[in-house]
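Engineer: pasting the structure only:
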């Protein structure tokens, strides 16, 4: 049995225990996902201060709805779906234009391997943050979920409630937009 399989089984057991209102198990789930979820919210909303408030709302929502989760193995996708929906609601309240931009698709082209190399080359976290901040909201979201959260296309599709084809399209266009921003950073 691989380490990854063992971790998945342990997580499923934690989810089952947390569904029975075991507070220690729930706290372990929070600790497991807290940093990654906070990072995702920061990148998605661009608001560090508000991310902490969003986190509290998300974890409260998770706690309330966890007993109704039928598939413990789907916890990660389910959690990110809740976070995604809460972040979209936050953005709608904060700025109607930003929420509208979330659903726009822009033009661009870069291969997935080039994108992965680009992330590897961008060792400085501040530079990565600056580059992501300059991207449109839908592009920032799919890039964060795919390359920083390492989610599959299927998982991203479920989180943002869209087809896999749309996810692929957004990734395609996001790569071009990111390439342009990186070129401007390095050549500008």
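Structural biologist: Looks like it arrived, so ask away. Bear in mind the structure is a predicted one, so any value in this text is a computation, not a measurement.
Engineer: which helix or strand contains residue 89?
Structural biologist: Under DSSP states H and E, the secondary-structure element containing residue 89 is helix 75-94.
Engineer: now do that helix: distance to the chain's middle.
Structural biologist: From the chain centre to the centre of helix 75-94 is a distance of 9 Å (CA atoms, centre = their mean, to the nearest Å).
Engineer: now do that helix, average pLDDT.
Structural biologist: Per-region confidence: helix 75-94 scores 86 on mean pLDDT.
Engineer: which residues are contacting it?
Structural biologist: 11-12, 15, 29, 33, 37, 40-41, 44-45, 47, 50, 54, 57-58, 61-62, 65, 69, 98-99, 102, 137, 141, 145, 149, 151, 155, 158-161 (CB atoms under 8 Å, 6 or more residues apart in numbering). All C-beta atoms are positioned from the backbone trio N, CA, C, and that covers glycine.
Engineer: okay, buried residues for the helix or strand where residue 165 lies please.
Structural biologist: Element membership of residue 165, judged by DSSP H and E, is helix 164-187. Within helix 164-187, the residues that count as buried by 16 or more other CB atoms under 10 Å are 166-167, 170-179, 181-182.
Engineer: dump these into JSON lines; add pLDDT and distance to residue 85 as well.
Structural biologist: JSON lines is the format used below for these (pLDDT from 0 to 100; distance: CB to CB, whole Å):
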{"residue": "166", "pLDDT": "95", "distance to residue 85": "17"}
{"residue": "167", "pLDDT": "94", "distance to residue 85": "16"}
{"residue": "170", "pLDDT": "93", "distance to residue 85": "17"}
{"residue": "171", "pLDDT": "92", "distance to residue 85": "21"}
{"residue": "172", "pLDDT": "92", "distance to residue 85": "24"}
{"residue": "173", "pLDDT": "91", "distance to residue 85": "23"}
{"residue": "174", "pLDDT": "89", "distance to residue 85": "21"}
{"residue": "175", "pLDDT": "87", "distance to residue 85": "25"}
{"residue": "176", "pLDDT": "88", "distance to residue 85": "27"}
{"residue": "177", "pLDDT": "87", "distance to residue 85": "24"}
{"residue": "178", "pLDDT": "83", "distance to residue 85": "25"}
{"residue": "179", "pLDDT": "83", "distance to residue 85": "30"}
{"residue": "181", "pLDDT": "82", "distance to residue 85": "27"}
{"residue": "182", "pLDDT": "77", "distance to residue 85": "30"}
